[in-house]
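> no sequence for this one, just the structure:
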């Protein structure tokens, strides 16, 4: 998982990274999440955000009101209401 933003504050003692302004999270499967703010727990390899989130990847496109990312990005939960458009499967 890779994360970037225009602004951020790292609190070393607690391992918390607070990101703001154009936050982008990249997963190695090609999924990209964009939002305006996110809190990252570096020690637990987790992140969360409560602002509008846009996700694009091999699965399709998803827009939600927030997200929770767990297990180094292996698990992503989206908070709704949400809108999902799945890509068609090819055989």
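Perfect, thanks for sending it. Everything numeric in this text was worked out from a predicted model, so none of it was measured.
> can we go C-alpha only for contacts and neighbour counts from here?
Will do.
> Average pLDDT for the helix or strand hosting residue 55, rounded please.
Here residue 55, judged by DSSP states H and E, is contained in strand 53-57. Here strand 53-57 scores 97 as its mean pLDDT.
> So what touches that strand?
Strand 53-57 is contacted from outside by 29-36, 61-67, using C-alpha atoms under 8 Å, 6 or more residues apart in numbering.
> For that strand, what is the distance to the chain centroid?
On the basis of C-alpha atoms, centre = their mean, to the nearest Å, strand 53-57 is displaced by 8 Å from the centre of the chain it belongs to.
> which stretches of the chain have low pLDDT?
By pLDDT under 70, the low-scoring segments of the chain are 89-91.
> In the protein, mark out all the strands, start to finish.
Secondary structure of the chain (DSSP state E): strands located at 2-4, 7-11, 16-26, 32-41, 46-49, 53-57, 60-64, 66-70, 75-79, 83-86.
> Filter the contacts of strand 53-57 down to the buried ones.
31-36, 61-67 (16 or more other C-alpha atoms under 10 Å).
> just those residues now: which is nearest residue 5?
residue 36 (8.6 Å; C-alpha to C-alpha).
> what residues are up against the closest one?
If you count contacts by C-alpha under 8 Å, 6+ apart, then residue 36 has 20-23, 51-53 around it.
> would you turn these into a markdown table with distance to residue 41 and neighbour count?
Listed next are those as a markdown table, based on distance: C-alpha to C-alpha, whole Å; neighbours: other C-alpha atoms under 10 Å:
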| residue | distance to residue 41 | neighbour count |
| --- | --- | --- |
| 20 | 15 | 18 |
| 21 | 18 | 15 |
| 22 | 18 | 14 |
| 23 | 15 | 20 |
| 51 | 17 | 16 |
| 52 | 20 | 17 |
| 53 | 18 | 22 |
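> any chance of the residues you listed in TSV, plus distance to residue 42?
Compiled in TSV, those are given as follows (distance: C-alpha to C-alpha, whole Å):
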residue	distance to residue 42
20	16
21	19
22	19
23	16
51	20
52	22
53	20
